[in-house]
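# Structure for the following, please:
(one chain, ligands or ions: 1)
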Amino acid sequence: MSHRTNALQADSAINLHDLTLGYARHPAVHHLSITIAAGTLMAVVGPNGAGKSTLIKALAGGIQPMGGRIEGLERQRVAGLPQQPDIDRSFPINVRDMVMQGLWHEVRALGRYTAAHREACHMALAEVGLLGFEKRGIDSLSGGQWQRVLFARLILQNAPVMLLDEPFSAVDQRTTEDLVGLLHRWHACGKTVVAVLHDLALVRAHFPQTLLLAREPIAWGATGDVLTPANWQRALLMHEPFDKEAPLCDRSPSQPMAGAMA
Ligand SMILES: Nc1ncnc2c1ncn2[C@@H]1O[C@H](COP(=O)(O)OP(=O)(O)OP(=O)(O)O)[C@@H](O)[C@H]1O
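Okay, here's the model as predicted:
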């Protein structure tokens, strides 16, 4: 079995219809209506607290929409990389077993690992440059090594839709370049890849599509059209601190949004 040669492609677009997301009934993302085409490599950018992670959590099925709907994910498997601080590394498990977790959907059916699974794990570790680390405890790894482990697990998950929340926030330039290369390979295989990022130079260099979010969508589409000074300025103006007492929603979907959508 080669997870590189039988890479699963995304088979449908993801459509967000007037999506409102939030916590304890208070909205963090309002009225988001966009289409993420199958096989897109898309960055999600915006100021702190703009709702980027909230959107990723909703796409991953971790939170349910307060309003609107998400279509096109029902039949597709999703693999996600949460923000680093969201992951507990004190669990006593070594690198190999951690990466093997990416195969749970296959192993669950068989009830055991096969030689092909072990080979796939070996190839994934080779792809992220971590051969020789198999027996290391995950609590002993540097931030960059740990991120490579999480990417190796994603390789084995081999989902058609990949969601990554700030995948390069704790890693150096060399590691970032290696991992960006992986995103490009997934994109070339036809996977849909959506990543939250703060490094706009990296977004411009590597992501054809971008969504600029500031609790509401400011612009989305081709990265060069979205990341203009005017749109970024609008994002900063639109963005307010999260108000825990904010009402559920005070605007009907038909009203125009402040801010130009590309
Ligand atoms: N579990 C939660 N409970 C209540 N409020 C939350 C929760 N998670 C996030 N929020 C709030 O929702 C808003 C959007 O948060 P989110 O983490 O989605 O923003 P972000 O754009 O990813 O920010 P950053 O760039 O700082 O990571 C913020 O005001 C945040 O405080």
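
# Wait, Leu103 touches His117, no?
Yes - using CB atoms under 8 Å, Leu103 makes contact with His117 at a distance of 5.4 Å. Yep, even glycine has a C-beta here, placed from its N, CA and C like the rest.

# who's more crowded, those two?
Leu103 (24 against 19; other CB atoms under 10 Å).

# Confirm that one sits in a strand?
No - assessed with DSSP: H, G, I helix; E, B strand; the rest coil, Leu103 is helix; it does not lie in a strand.

# got a list of what it touches?
Taking CB atoms under 8 Å, 6 or more residues apart in numbering, we find Leu103 in contact with 113, 117, 120-121, 156-157.

# The same query, at a cut-off of 6 Å, please.
Going by CB atoms under 6 Å, 6 or more residues apart in numbering, Leu103 touches 117, 156.

# how far away is it from the ligand?
Using CB to the nearest ligand atom, to the nearest Å, Leu103 is found at 29 Å from the ligand.

# Pull the number of nearby residues for the spatially closest residue to Leu154 that is not a sequence neighbour.
Counting by CB to CB, 6 or more residues apart in numbering, the nearest residue to Leu154 once its immediate chain neighbours are dropped is Ala79, at 5.3 Å. Counted by other CB under 10 Å, the residues lying close to Ala79 total 22.

# Ala79 should be in a strand, yeah?
Yes - the assignment for Ala79 (three-state DSSP) places it in a strand.

# That one pairs with what?
The bridge-partner assignment for Ala79, based on DSSP bridges, gives Met162.

# right, and it touches Val161 too?
No - Ala79 lies out of contact with Val161 (CB atoms under 6 Å); the separation is 7.2 Å.

# What lies in contact with stretch 17-36?
Under the contact criterion CB under 6 Å, 6+ apart, stretch 17-36 has outside partners 13-16, 51, 54-55, 58, 65-69, 215-217, 220, 244, 246, 249, 253.

# One more: stretch 165-176?
Contacts made with stretch 165-176 from outside it, assessed by CB under 6 Å, 6+ apart, are listed as 53, 56, 81-84, 143-144, 147, 195-196.

# Show me what the mean pLDDT comes to for that stretch.
The predicted model gives stretch 165-176 an average pLDDT of 89.

# So what's the gap between the helix or strand of the chain with the lowest mean pLDDT and the chain middle?
For the chain, using mean pLDDT, DSSP states H and E, the weakest element among its helices and strands is helix 104-110, scoring a mean of 77. Taking CA atoms, centre = their mean, to the nearest Å, one finds helix 104-110 lying 24 Å from the centre of the chain it belongs to.
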